[in-house]
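K.L.:
Model the structure of this input:
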Amino acid sequence: MPSTAFYAADFKVFDEPAFRARMSGIRERLRPKLEAIGHSLTQGVGRATGADVFAHVAKHARRTVNPPDDTWVAFGPSARGYKKHSHFKVAVSRHAVRFLFEIGPEHEDKKRWAAAWKKSAPRLAPVLRRVNGLAWFKNEHDDEPASPLADLSAEQLAELGDELLRTRDGQLVLGRVIPAAEAARWTEAQYRDAALETFRALAPLYRLR
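P.N.:
Residues are numbered from 1 along each chain as shown. Sure thing, here's the model as predicted:
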């Protein structure tokens, strides 16, 4: 089975400017690793959420001209896809590896989820703020977080639910980022531990309905 760790040469796939060449690198070098990560983490993510989860590796099928700046494996509750549901993600780009929880732009009921988050935020926000390294990202593709959760008050964290409804593409993305230079030195066990630690901390959000 391919390695479930990313090394320096893996990040350099994104240095290739041409669409065909970068997509070839993603398919040949990164996708097998993401599939292996999906296989490795699915059971642990399922235990963290208390339900079955399914791994989905990005195919980038809609892209024909502009090469993607990142690629990922997502974990969600449906075998048919993840975008309409709360999901976790291990994403890799030129500059970082990210372990994320997302309510994406295509979530099936953002209004209901935002209401559930607002109701639960007084209980969950103080706990999340104490988890080392967790941050809020404005966009699922951002390498740099907008703010560490520790820097946001409980009230500000609750207000992040409004981001889902502000625009049609509204989303809520929380998680942890590891710079590529550091991540390239990690072992498979370190990747697995970091992913599961992050997903366990954010599992209460995944279970919100």
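K.L.:
Could I get the full set of helices for the chain?
P.N.:
8-11, 19-25, 31-49, 110-129, 154-159, 163-166, 180-183, 188-206 (DSSP state H).
K.L.:
To residue 83, which of the ones you listed lies closest?
P.N.:
In terms of CB to CB, the element of those nearest to residue 83 is helix 110-129, at 12.0 Å. C-beta: built from backbone N, CA, C; applies to glycine.
K.L.:
returning to that earlier point: so which of the helices of the chain gets nearest residue 173?
P.N.:
Ranking the helices of the chain by proximity to residue 173 (CB to CB) places helix 163-166 first, at 9.0 Å.
K.L.:
Could you list the buried residues of the closest one?
P.N.:
Of the residues in helix 163-166, those with enough neighbours to count as buried (16 or more other CB atoms under 10 Å) are 163-164.
K.L.:
With stretch 125-142 instead?
P.N.:
125, 128-129, 131, 133-137, 140, 142.
K.L.:
picking that back up, I'd like to know which of the helices of the chain is closest to residue 63.
P.N.:
helix 19-25 (7.6 Å).
K.L.:
Send me the closest one as CSV with only the CA atoms.
P.N.:
Written as CSV, here are the backbone C-alpha positions of helix 19-25 (Å, rounded to 0.1, in the frame of the first residue of the first chain):
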residue,chain,number,x,y,z
PHE,A,19,-2.7,21.7,-16.3
ARG,A,20,-2.0,18.3,-17.8
ALA,A,21,1.4,18.0,-16.0
ARG,A,22,0.0,19.0,-12.6
MET,A,23,-3.0,16.7,-12.9
SER,A,24,-0.7,13.9,-13.9
GLY,A,25,1.4,14.4,-10.8
